[in-house]
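J.: what shape does this take:
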Amino acid sequence: MGIFSRFTDIINSNINNLLDKAEDPAKMVRLIIQEMEDTLVEVRSSSAKTLADKKDLARQAMRFEKDEQLWQEKAELALSKGREDLARAALIEKKKCGENAASLVDELGHVDEHIAKLQSEISQLQEKLADAKSRQKAIIMREQTATSRLKVKRKIDSGRVNDALSRFDSYERKIDDIESQVESLDLGSKSLADEISDLESDENIDDELAQLKAKIKSEKKAK
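T.: So this is what the prediction gives:
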């Protein structure tokens with residue numbers, strides 16, 4: 001089973017629980033990232049153990065190969081001494097060592113394939129984790145903005161803002177009424193400065209009228 005399939009199994013129940021409880025997206029993102037980080041640590045630990053096991057298998061294979069060579073030398077020695085029975089026994093041991101070494105080498109091949117796949121999946125998980133972290137801040141900001149907009153929208157739709165504006169309109173109308181009353185009281189009443197200004201205006205008109213009369217009288221005489 002690949003680590004991604006296993007990773008899905010690990011977080012699936014947690015995500016379903018969050019969905020059932022209608023948890024916010026920010027918490028879901030943090031949970032997913034935490035699960036990815038935990039999985040990555042666990043898989044790296046497993047990979048390290050597999051590499052250690054591979055080294056141990058390699059040492060065992062080398063030991064069997066050396067033993068195989070040693071039994072070959074012992075068989076040759078026994079045969080040179082005329083001990084064919086011992087040479088036969090040595091060759092039997094040599095065969096066992098060779099078979100064991102070949103079996104371990106074959107197993108090492110499978111371990112190498114497993115490690116290669118594991119490393120590839122670890123790299124993919126690291127990339128996905130980096131991508132998730134880079135998008136986490138943006139997702140949280142979007143969630144906060146949307147929440148703020150929702151709160152404002154609810155306040156607007158609740159009628160409280162409209163009620164406040166209506167009260168403002170009412171206050172403005174009251175102020176208009178007061179100002180109108182003040183202006184009405186000012187009508188018909190003149191201050192001392194206004195009366196003096198009117199006198200000055202009347203005097204100017206009288207002077208202009210006198211000048212006009214003199215002009216007309218002068219023109220009649222001229223005819």
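
J.: now do the contacts for residue 101.
T.: The contact partners of residue 101, by C-beta atoms under 8 Å, 6 or more residues apart in numbering, come to 61, 64-65, 68. For every residue, glycine as well, the C-beta is placed using N, CA and C.

J.: strands - which of those land there?
T.: If you go by DSSP state E, these have nothing in strands.

J.: how about those residues in a markdown table, adding neighbour count, distance to residue 145 and pLDDT?
T.: Listed next are the contacts of residue 101 as a markdown table, based on neighbours: other C-beta atoms under 10 Å; distance: C-beta to C-beta, whole Å; pLDDT from 0 to 100:
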| residue | neighbour count | distance to residue 145 | pLDDT |
| --- | --- | --- | --- |
| 61 | 19 | 61 | 93 |
| 64 | 20 | 67 | 94 |
| 65 | 17 | 67 | 94 |
| 68 | 19 | 72 | 94 |
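
J.: which of the residues you listed sits closest to residue 41?
T.: residue 61 (30.8 Å; C-beta to C-beta).

J.: which of the helices or strands spans the residue nearest the centre of the chain?
T.: Nearest to the centroid of the C-alpha atoms of the chain, with distances taken as C-alpha atoms, centre = their mean, sits residue 136, at 2.0 Å. According to DSSP states H and E, residue 136 maps onto helix 84-157.

J.: the helix or strand hosting residue 59 to helix 84-157, inter-axis angle?
T.: Assessed by DSSP H and E, residue 59 sits inside helix 25-80. Helix 25-80 and helix 84-157 are oriented at 180 degrees to each other (axes from the mean of the first three to the mean of the last three C-alpha atoms, to 10 degrees).
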